[in-house]
Structure formats: C-alpha cells, structure tokens
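Peer 1: Below are the sequence and a predicted model for it; my questions follow.
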Amino acid sequence: MPSDRRQSRILAMQALCQWEVQRDESDEALCDFLHTFAEAPGPVSYALNLVRGYLAGRDAIDGRITAAADRWEFARIAAVERNVMRVAVAELLGGDVPPRVAISEAIDIGREYGGAESPGFINGVLDSVLQSLADRPKAEEP
C-alpha cells in the first residue's frame, strides 16, 4: 500500500485527469471525486491542496512544463504524464517538499501509471523545471 503522500499525489493526478475531461473546477466536484476514490481520509487533504495549487497557478505551471519539454507540444504529452508533472511542479513551487522527493515521486508514479518511456520523460522535464527554478533568483539579480 502506498504512503499517504504517494496516495495523495496519485489522487491529485487522477483528479486533474478528470478535470481535463469535465472542466469542473468546483470544490464540490473535486471533493466528491477525492472522497469517492480515497481509501483513507488522510490523503484527501494533501491531494486537495495539490489540485488547488495547480488550479491557482495553472498558467505558470503549464508554462514551465511547456518550456522544459522544448521539443514536445504540450497537448501531445500523454494525460498521465502531463498531470503527474503538474502535481510535481505544484509541489516544487509550494516549497514544502524537497525537490528531489517531488521529482522521485513523480517518476515512480509515472512508472506505475504511464508508459514505458514515462519515467525518463518525466525526469528530464522536471529536472529542467527544477533548474529553471534554481536559476530564477540569479536571473532576477541586477
């Protein structure tokens, strides 16, 4: 059985996949989905925070993924990979989880739910996103 945090990340990825289809951003729809599929109440709270974090910063998060996946059209990225990376970038921007943990978890979830190439693709894109975040303060200095 996955840890609560892993379960939260999986739930958040699944909720974002559902959101892409339904485009219902209401808290009611999100909570209904999470509570329907959560095996325990613990993971729901963190999953809810991850999805809300993505929805609040979706343009910036999708922009970072697009920039990092420089040879891939964003719409062509498989839904599982796209949403695993959205969750990971929301975690990276939130700053509550060590970056390597967020990336490692995303790779593992991609390995479990994506295709054979998912782990390598997710790793490459998220490493590039992490580098851009690390470079950000340097670029902003005069």
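Peer 2: Perfect, thanks for sending it.

Peer 1: Spatially central, which residue of the protein would that be?
Peer 2: Centroid-nearest residue in the chain: residue 87, 1.5 Å away (criterion: Cα atoms, centre = their mean).

Peer 1: these two touch, right, that residue and residue 9?
Peer 2: Yes: between residue 87 and residue 9 there is a contact under Cβ atoms under 8 Å: 5.4 Å. Using the backbone N, CA and C atoms, a C-beta is placed for each residue, glycine as well.

Peer 1: Now stretch 14-31: average pLDDT?
Peer 2: For stretch 14-31, mean pLDDT is 82.

Peer 1: and if you look at stretch 68-79?
Peer 2: Mean predicted lDDT for stretch 68-79 stands at 90.

Peer 1: Please spell out which residues along whichever helix in the chain runs longest are buried.
Peer 2: Criterion DSSP state H: the longest helix present in the chain is helix 118-140. By neighbour count with 16 or more other Cβ atoms under 10 Å, helix 118-140 contains the buried residues 118-119, 121-122, 125-126, 128-130.

Peer 1: Check stretch 42-62 too.
Peer 2: Neighbour counts over stretch 42-62 (16+ other Cβ under 10 Å) mark 43-44, 46-51, 53-54, 57, 61-62 as buried.

Peer 1: Quick one: residues in contact with that stretch.
Peer 2: Identification of contacts with stretch 42-62 by Cβ atoms under 8 Å, 6 or more residues apart in numbering yields 4-5, 7-9, 11-12, 15-16, 19, 25, 30-31, 34-35, 38, 74, 86-87, 89-91, 93-94.

Peer 1: looking at the protein, which helix or strand is least sure?
Peer 2: helix 27-37 (a mean of 76; mean pLDDT, DSSP states H and E).

Peer 1: all helices of the protein, in order?
Peer 2: 4-22, 27-37, 41-56, 58-68, 79-94, 99-113, 118-140.

Peer 1: hey, least reliable of these by pLDDT?
Peer 2: Mean pLDDT per stretch puts helix 27-37 lowest among the helices of the chain, at a mean of 76.

Peer 1: so it versus helix 4-22, what angle?
Peer 2: Orientation of helix 27-37 against helix 4-22 (axes from the mean of the first three to the mean of the last three Cα atoms, to 10 degrees) gives an angle of 130 degrees.
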